[in-house]
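1. sequence? don't have it. structure:
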């Protein structure tokens, strides 16, 4: 295969721009919303209300039991059939957020349950309510435990965001598709896109390692 290095270099910035202006913001927004959903679902799972716990379990089961691509298509292509039409970006953020919420909820639930019961009792002893004990004592400790798996979830989300190109969201892979269609150099451009994804994930993995090292001293082994 003869590599057109001029095309490779010329297309590098458009693909990088798609990552900086599309992939990363999409992943960050979806992850932030997904964490809020995950926390709420996790609290529903461990709460005493059986109805809410059942709803949380059903949500997690549906999200984890169906492909992300199907979820994305249901929101973007399916909702208009019942009168709800969303633009590509909101559709992608909703789909990715719901997906993150389903997976991260179990991570957060396990992290909360990993905090010793004595921490709850200590909060009650000094007069804290259950909500305040959760906010001031339990969640900070659970957050340290959940950093590694949640970081992996975010890295996976960055790669999965390429699916948004199928609903015309202009992100890294969509930019690569447009360049490849124009140049007809599919192998070169798609390998270049893969390289950019790889570099992004390497940077994120390095950041994850640094965070884990800084938090490791505070986590009991």
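-> Looks like it came in fine. Please read all numbers here as calculations on a predicted model, not as lab measurements. Residues are numbered from 1 along each chain as shown.

2. What count of nearby residues applies to residue 204?
-> 17 (other Cβ atoms under 10 Å). Just so you know, the C-beta spots here come from the backbone N, C-alpha and C atoms, and that holds for glycine as well.

3. Please read the previous query as pertaining to residue 78.
-> 13.

4. Same question for residue 80.
-> 11.

5. Can you name the residues that contact it?
-> Shown in contact with residue 80 (Cβ atoms under 8 Å, 6 or more residues apart in numbering): no residues.

6. May I have the predicted confidence score for it?
-> On the pLDDT scale, residue 80 is placed at 93.

7. buried set for stretch 102-114?
-> Judged by neighbour count using 16 or more other Cβ atoms under 10 Å, the buried positions of stretch 102-114 are 102-109, 111-112.

8. Contacts for that stretch next, please.
-> 34-35, 37-39, 41-42, 45-46, 56, 59-60, 62-64, 138-139, 142-143, 145-146, 149-150, 153.

9. which of those count as buried?
-> Buried among the contacts of stretch 102-114 (16+ other Cβ under 10 Å): 34-35, 37-39, 41-42, 45, 56, 59-60, 63, 138-139, 142, 145-146, 150, 153.

10. taking the residues you listed one by one, which sit in helices?
-> 34-35, 37-39, 41-42, 45, 56, 59-60, 63, 139, 142, 145-146, 150, 153 (DSSP state H).

11. I'd like the buried residues of stretch 102-114 laid out as TSV, including pLDDT, distance to residue 197 and secondary structure.
-> Listed next are those as TSV, based on pLDDT from 0 to 100; distance: Cβ to Cβ, whole Å; DSSP: H, G, I helix; E, B strand; the rest coil:
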residue	pLDDT	distance to residue 197	secondary structure
102	95	23	helix
103	94	20	helix
104	95	21	helix
105	95	26	helix
106	94	26	helix
107	94	23	helix
108	93	27	helix
109	93	30	helix
111	90	28	helix
112	89	32	helix
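
12. what's the closest of those residues to residue 120?
-> Each of the buried residues of stretch 102-114 was checked against residue 120 using Cβ to Cβ; the closest is residue 112, at 10.2 Å.

13. Distance of that closest one relative to residue 119?
-> 10 Å (Cβ to Cβ, to the nearest Å).

14. what sits in contact with each of these two?
-> residue 138.

15. packing partners for the lengthiest helix in the chain?
-> The single longest helix within the chain, with elements called by DSSP H, is helix 186-216. Counting contacts by 3 or more Cβ pairs under 8 Å, 6 or more residues apart in numbering; DSSP states H and E, helix 186-216 is packed against helix 5-18, helix 139-160, helix 172-183.

16. And that helix, what's buried?
-> Quick answer for helix 186-216 (16+ other Cβ under 10 Å): 188-189, 192-193, 196-197, 200, 204, 208.

17. can you put the helices and strands packed on helix 186-216 in a markdown table and add distance to residue 127?
-> Listed next are the helices and strands packed on helix 186-216 as a markdown table, based on distance: least, Cβ to Cβ, whole Å:
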| stretch | distance to residue 127 |
| --- | --- |
| helix 5-18 | 53 |
| helix 139-160 | 19 |
| helix 172-183 | 52 |
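
18. and those, which one's lowest on average pLDDT?
-> helix 5-18 (a mean of 86).

19. any idea how far residue 171 lies from residue 37?
-> For residue 171, the distance to residue 37 - Cβ to Cβ - is 22 Å.

20. got it, and residue 170?
-> Residue 170 is 25 Å from residue 37, by Cβ to Cβ.

21. Same check on residue 179?
-> 35 Å.
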